[in-house]
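Peer 1: Mind folding the following:
(chains A and B)
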Protein chains: 2
Amino acid sequence: MTADGAQPSPVDGPVVAVVGGGQLARMLHQAAIALAVPLRLLAEQPDASAAQVLRDPLVGDHRDLHRLRDVARGSAVLTFDHEHVPTEHLRTLVAEGVVCRPGPDALVHAQDKAVMRQRLTATGVPVPRWRLVGTVVELADFAHSVGGGPVMVKTVRGGYDGKGVRAIDVSVEATADLLAGGPLLAEELVDFRRELAALVVRSPSGQAASYPVVASVQRGGVCREVVAPAPALDPDLAVQAQRIALDVARDLDVTGVLAVELFETRDGRVLVNELAMRPHNTGHWTIDGAATSQFENHLRAVLDLPLGSTRARAPWTVMVNILGGDPDGSGARLYDGYRHVFAHDPGVRVHLYGKQVRQGRKVGHVTVCGDDLDAVRERARYAAAHFTGTASTGTAFTGTASTGTVSP
Amino acid sequence: MTADGAQPSPVDGPVVAVVGGGQLARMLHQAAIALAVPLRLLAEQPDASAAQVLRDPLVGDHRDLHRLRDVARGSAVLTFDHEHVPTEHLRTLVAEGVVCRPGPDALVHAQDKAVMRQRLTATGVPVPRWRLVGTVVELADFAHSVGGGPVMVKTVRGGYDGKGVRAIDVSVEATADLLAGGPLLAEELVDFRRELAALVVRSPSGQAASYPVVASVQRGGVCREVVAPAPALDPDLAVQAQRIALDVARDLDVTGVLAVELFETRDGRVLVNELAMRPHNTGHWTIDGAATSQFENHLRAVLDLPLGSTRARAPWTVMVNILGGDPDGSGARLYDGYRHVFAHDPGVRVHLYGKQVRQGRKVGHVTVCGDDLDAVRERARYAAAHFTGTASTGTAFTGTASTGTVSP
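Peer 2: Here you go, the predicted structure:
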C-alpha cells in the first residue's frame, strides 16, 4: 500500500506535454493517471481547470515560444487542449525536434477555416458552398450565388463555441464594417435537419478507430446536448460520416482525436461544418458511455500505442453540458447541486470542471446511459438543468424530485 | 476552453484530506477530479503513487501527529488510503475538531484484529472460532479445542496483504518465539470453498449501499483476482453476506467504504475473515464494471452526499492484479507491456499505479467486462500475466498473441 523504498521517479511512462489548462486537459489527466503516463501542463492561469488537479503545472501564455519550449522539454510528445497555439511556433518546435501531435501541417486545418475549406474542397469532401471574401462586392456576389438570402460569415482564425460566427443578411446589413478586420469566410446557410459529429482517433502509425456517430444539439453556437448514437440515423449516412472523418484524418495526417462536425441536410446528405483536432465536447459521452474514452484514446494515439475499443457500453448515452447560469442568481456553488441531483438519480454521472461560473460558460457536464432514449435524455437534462439553475425557474426544464417526473 | 478571468480559487467543492499516498489515494483522485473535490494528500514519499498525480502533496509520516494536523488543516473531512494511522492520533484530531471518516471508534476494528473479533462475536456476526493467546499453553489449548490440527495465528495490529498471518502446527512448531512479541490472535483453519467479499458504502447520515458480492482468489495472502458477481453463489448466501456487511457498517458506525472479506465454507455458511474501511482491492472492478466506482462512492460517503448506483454494468467483470515479476528479468518497463496487451485486446482496461516493480508488489490491475465469464477471465488473466512477466515463461498462464488462446 505504501510507496516505501520507491526511487525518486518511479513513473515509467513517457511524459506527455499538454498546452492549455482547460477541462479537456483536466479530463486527459484522469485518463493519464490510469495509464501511468505523466502529463506536463502549460496552463494560462495557476488555477486553470487542469492546473488544479495535477502536479507542478507550468503557467504561461500559449503564444510564448519560450514557455512552449519549457513545457516540451523532457516530454516525448506535445499535444493540445485547444487549437490556439500559433502555427509558426509549432513549426519552430518541430524544427527543434519536438514531436507535436497533431503536427502543425494537420492542425492548421483546425486553426484556419479558409485553409480547411480549401483542402476539403480539393479532396472532394462534401462541404457547404463557401467563398473567402475580402470586399463588400465579393460578399454580395457570394450571397447572390447561393440564392440571395442570409449567409454565414466566419472569422478565419480564432473562433470557438460560436464566437466569430454569425448569420447576416447582405441585403439589409452594413457589411463594410464586418470586412474591416480582413477577409472572412462566407458560407451558404445550410437547411439542416440536425447536426451530427463523427469522432475518430488516429495514431502516427496509421491505425484509426471511429466512435459511433452522434447527434449534437447546439444553441448559439454552443454544444448543449449530445445523443450517442444519433437516433434514427440512416445506416448508410452513418457509414458515410465515419468514412469522411477517417478519410480526412488520413488525408491531413491527423494524430490523436479528430472531431468532424457535420450538418445532416433535409435532403439526406452530410456536409462538413467544422474540424477539431483534440478531445471534443461531442465526445465527452465516451467517458461513461464507451469502452475507451476519447481522452484515453487521444493519449494512446499520440503515444502511438494501439487504440482502445470505441464500442458504446449502452444502447443510449446522453451528455448534457452544464452551462453557467444567471450570475445574479442565488450564489449557490455548483457543488451544492450534488445533494439534490444525486438523491434524485443515483445513476447520473456528473463531471464538474472546477471553473468559476459565468453566464453561458461550460462548467461541467452530466451523462446518463440506458436502454430507453427518452428516459435517458430526460434524466440527463433534468440533472444538468438543476446545476444550470434553470430547473427551479422553469425556463428550461421543470421537474419534481419526489416523483422524478420531468416536463421538457 | 481557457480559464480566462478565473479567480484564484475557482474550485468549489470542500477539501478532502487523505492520509497515505498509495494507489487507493491515486484512484480516489481520479474520482475527485470528476466531482471537482480537491484532495489534500499526506504521502510517505514525494513520489508515492498518489503524490505523482495531484497538486502540492504534503510529505510526511502518518504516525506524526503534526503532519496529520497539517493535512487536516482547511479540509472538511479526513479519510485514509490505509489503516495504519495510530488510533490515539485520530482521537486527538477528533478532539481538536477534525472530522475523521471513518472515525477512530470505527477504524480501530480494521486496525486491531482482536478488537474486531471481540466486537463481531459480541454482536453475533459469524466468524471463525478464535482466541487471543499470550502463552504457549493458551495456544496449545486453543489448537486442541478446534481439533488439534494446524491453526492460523495473526498479529493483532499492522498486518496487510498476508503479512503477519500464517498457519502453524502447534504440535510440531516451537511457538514460544511466536509469542515473544505479545499476544496473537489464534483462529481455526477454516475449510473454505472459496473467499468472497461484500463491499458496502455508508454515509454519516446512515444511507448505505451494497455492491454485488464478489469472489476473490488469494495466493499467499495477496488478492490475485476478483470475479463480480461471485459465480454460482447461492442467492440466499449473497443476501446474507450483504446483510452482514450492512449490519457491521451500521453497528460500527462506519463512514465510507467497508470491505468485508468472507469465507464461504464447504457446508454453505459465510464467516467474516477481515474488515477494511477504505476502498479495497476487491472493489477495483467497480471503476470499469459498476455504475459508480467504490472511489467515487467513498468520496460521496465521507462528504455525506447521496450515494451512487452500485449496479454492475456488465454480466461479468473480472479484475486481475498485476504483481511485480522477477526483478532479475528483462528490465522492461511496465509501460512497454501496453503495445502487446492493447493490440491483443482493445477492450481490456489497464490501470498502472506508477510504482517501482518489486517481486510480488501490487503495481497495477486489469479489468475486463463481458457476457461470457470464461472468456472475460481468460482475457483479464492474459493481460495481467503479460505485465507480470509470466506470460512468456508459462509459469502462470501461457498464450499466443495471434490467436488469443490462453491455457491456465
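
Peer 1: Show me chain A divided up by domain.
Peer 2: A:16-100, A:129-188, A:192-403 (automatic domain parsing).

Peer 1: Between those, which has the poorest mean confidence score?
Peer 2: Lowest mean pLDDT of those: domain A:129-188, a mean of 88.

Peer 1: and the end-to-end length of it?
Peer 2: End-to-end distance of domain A:129-188 (C-alpha to C-alpha, to the nearest Å): 6 Å.

Peer 1: re the thing from before, compare the domains of chain A and give me the one nearest B:Ala186.
Peer 2: domain A:16-100 (41.1 Å; C-beta to C-beta). Just so you know, the C-beta spots here come from the backbone N, C-alpha and C atoms, and that holds for glycine as well.

Peer 1: now the end-to-end length of the closest one.
Peer 2: OK, domain A:16-100 end separation, C-alpha to C-alpha: 10 Å.

Peer 1: which one is the residue nearest to the spatial centre of chain A nearest to, not counting chain neighbours?
Peer 2: Against the mean C-alpha coordinate of chain A, by C-alpha atoms, centre = their mean, the closest residue is A:His280 at 2.4 Å. Leaving out its chain neighbours, the residue that sits closest to A:His280 by C-beta to C-beta, 6 or more residues apart in numbering or on different chains is A:Ala259, at 3.5 Å.

Peer 1: Checking the one you found next. Helix, strand or coil?
Peer 2: Here A:Ala259 is recorded as strand under DSSP: H, G, I helix; E, B strand; the rest coil.

Peer 1: related to what we said a few turns ago, look up how far chain B lies from the residue nearest to the centre of chain A.
Peer 2: 11 Å (C-beta to the nearest C-beta, to the nearest Å).

Peer 1: so that residue touches A:Val200, yeah?
Peer 2: No - the pair A:His280 / A:Val200 is not scored as a contact, 10.8 Å apart, by C-beta atoms under 8 Å.

Peer 1: what is in contact with the two at once?
Peer 2: Residues touching both A:His280 and A:Val200 by C-beta atoms under 8 Å, 6 or more residues apart in numbering or on different chains: A:Val257.

Peer 1: Kindly reformat the domains of chain A as TSV containing distance to B:Asp70.
Peer 2: Formatted as TSV, these follow (distance: least, C-beta to C-beta, whole Å):
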stretch	distance to B:Asp70
domain A:16-100	18
domain A:129-188	41
domain A:192-403	23
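
Peer 1: Burial check on A:His298, number of neighbours?
Peer 2: 29 (other C-beta atoms under 10 Å in any protein chain shown).

Peer 1: helix/strand/coil for it?
Peer 2: Under three-state DSSP, A:His298 comes out as helix.

Peer 1: quick revisit: tell me how many other residues crowd the residue nearest to A:His280.
Peer 2: Counted with other C-beta under 10 Å, the neighbours of A:Ala259 add up to 25.

Peer 1: Check the gap between it and chain B for me.
Peer 2: Going from A:Ala259 to chain B by C-beta to the nearest C-beta gives 13 Å.

Peer 1: Would you mind naming the residues that bridge with that residue?
Peer 2: For A:Ala259, the beta-bridge partners under DSSP bridges are A:Leu199, A:Ala276.

Peer 1: Next up, the contacts around it.
Peer 2: Listed by C-beta under 8 Å, 6+ apart, the contact partners of A:Ala259 are A:Ala197, A:Ala198, A:Leu199, A:Leu275, A:Ala276, A:Met277, A:Arg278, A:His280, A:Thr282, A:Gly283.

Peer 1: Pull the most distant pair out of these.
Peer 2: Farthest-apart pair in the contacts of A:Ala259 is A:Ala198 and A:Arg278; separation 15.1 Å (C-beta to C-beta).

Peer 1: How much space separates A:Phe295 from chain B?
Peer 2: 11 Å.

Peer 1: OK, contacts around that residue?
Peer 2: For A:Phe295, the contacting residues are A:Leu24, A:Met27, A:Leu28, A:Gln30, A:Ala31, A:Pro279, A:Thr286, A:Ile287, by C-beta under 8 Å, 6+ apart.

Peer 1: How about it: what's its closest non-neighbour residue?
Peer 2: A:Ala31 is the one closest to A:Phe295 (C-beta to C-beta, 6+ apart), at 4.0 Å.

Peer 1: burial of the one you found, as a residue count?
Peer 2: Neighbour tally, A:Ala31, other C-beta under 10 Å: 23.

Peer 1: how about the helices in chain A?
Peer 2: For chain A, the helices defined by DSSP state H occupy A:23-35, A:65-72, A:87-95, A:104-111, A:113-122, A:136-145, A:176-179, A:235-251, A:285-289, A:294-302, A:337-344, A:373-388.

Peer 1: Flag every residue of the stretch 251-400 of chain A that's near chain B.
Peer 2: Within the stretch 251-400 of chain A, the positions near chain B by C-beta under 8 Å from any C-beta of the partner chain are A:291-292, A:300, A:305-309, A:311, A:313, A:333-335, A:338-339, A:342-343, A:346-347, A:349-356, A:358, A:364.

Peer 1: Could you turn the buried ones of those into a PyMOL selection?
Peer 2: Per 16 or more other C-beta atoms under 10 Å in any protein chain shown, the buried members of those correspond to this PyMOL selection:
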select buried, chain A and resi 291+292+300+305+306+307+308+309+313+334+335+338+342+346+347+349+350+351+352+353+354+355+356+364
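
Peer 1: mind checking how far A:Pro102 is from chain B?
Peer 2: Taken as C-beta to the nearest C-beta, the span from A:Pro102 to chain B is 16 Å.

Peer 1: same question, A:Leu185
Peer 2: From A:Leu185 to chain B the distance is 21 Å (C-beta to the nearest C-beta).

Peer 1: How about A:Glu187?
Peer 2: 23 Å.

Peer 1: Kindly report the same for A:His82.
Peer 2: A:His82 is 5 Å from chain B, by C-beta to the nearest C-beta.

Peer 1: Now do the phi/psi pair for that residue.
Peer 2: Here is the backbone geometry of A:His82 (degrees, to the nearest 10): phi -150, psi 170.

Peer 1: In space, what's closest to the closest residue to chain B within the stretch 151-300 of chain A - neighbours in sequence excluded?
Peer 2: Per C-beta to the nearest C-beta, A:Ala291 is where the stretch 151-300 of chain A lies closest to chain B, at 5.5 Å. Leaving aside its chain neighbours, A:Ala291 sits nearest to A:Ser309 (3.8 Å; criterion: C-beta to C-beta, 6+ apart).

Peer 1: cool, and A:Val341?
Peer 2: Closest residue in space to A:Val341, ignoring its immediate chain neighbours: A:Ala383 at 4.8 Å, by C-beta to C-beta, 6+ apart.

Peer 1: Count the residues that sit near that neighbour.
Peer 2: Neighbourhood size, A:Ala383 [other C-beta under 10 Å]: 30.

Peer 1: and if you look at A:Val248?
Peer 2: Neighbour tally, A:Val248, other C-beta under 10 Å: 24.

Peer 1: Isn't it up against A:Val254?
Peer 2: Yes - in this structure, A:Val248 is within contact of A:Val254 by C-beta under 8 Å, at 7.3 Å.

Peer 1: Nothing else from me, thank you.
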